[in-house]
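Chemist: Build me a model from this:
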Amino acid sequence: MSFSSGDSPTRPIKAETSNLPIRLNSTDLFQGQSRLVIMHKGSEYQLKITRYGKLILTK
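Modeler: As a prediction, the model looks like this:
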């Protein structure tokens, strides 16, 4: 799959080497919502987009 400059993938791209992070677009994650829930080791975290466009992660 190739993309021209300015295009973004519609799905996560697995890093080729283990020291590179996976890049995700926030619009793909939030899908039009302003809040999502992340489950991590049995705990629930909320990731929110503020009215100023910042991200806040809370437990």
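
Chemist: hey, let's count contacts and neighbours off CA atoms from now on
Modeler: Will do.

Chemist: Any idea how many residues pack against the residue nearest to Tyr45 when sequence neighbours are not counted?
Modeler: Distances taken as C-alpha to C-alpha, 6 or more residues apart in numbering put Lys59 closest to Tyr45, at 4.4 Å, once the chain neighbours are dropped. By the measure other C-alpha atoms under 10 Å, the count of residues near Lys59 is 10.

Chemist: Same check on Gln46?
Modeler: With other C-alpha under 10 Å as criterion, Gln46 counts 13.

Chemist: host element of Leu29?
Modeler: helix 26-30 (DSSP states H and E).

Chemist: taking the mean pLDDT, what do you get for stretch 37-44?
Modeler: Rounded to a whole number, the mean pLDDT of stretch 37-44 is 97.

Chemist: Now do it: distance from first to last residue.
Modeler: Stretch 37-44 has an end-to-end distance of 7 Å (C-alpha to C-alpha, to the nearest Å).

Chemist: Repeat that for stretch 20-29.
Modeler: 19 Å.

Chemist: Quick one: distance of that stretch to the chain centre.
Modeler: 4 Å (C-alpha atoms, centre = their mean, to the nearest Å).

Chemist: Which elements pack onto the helix or strand harbouring Ile56?
Modeler: Assessed by DSSP H and E, Ile56 sits inside strand 55-58. Under the contact criterion of 3 or more C-alpha pairs under 8 Å, 6 or more residues apart in numbering; DSSP states H and E, strand 55-58 touches strand 43-49.

Chemist: quick one: strands adjacent to the strand it packs on?
Modeler: strand 35-40 (antiparallel), strand 55-58 (antiparallel) (DSSP bridges).

Chemist: Which among the ones you listed is found nearest to Ile49?
Modeler: Taking C-alpha to C-alpha, strand 55-58 is the member of the strands paired with strand 43-49 nearest to Ile49, at 4.8 Å.

Chemist: avg pLDDT for that closest one?
Modeler: 98.

Chemist: Report the separation between the residue nearest to Tyr45 and Gln46.
Modeler: Distance from Lys59 to Gln46, by C-alpha to C-alpha: 6 Å.
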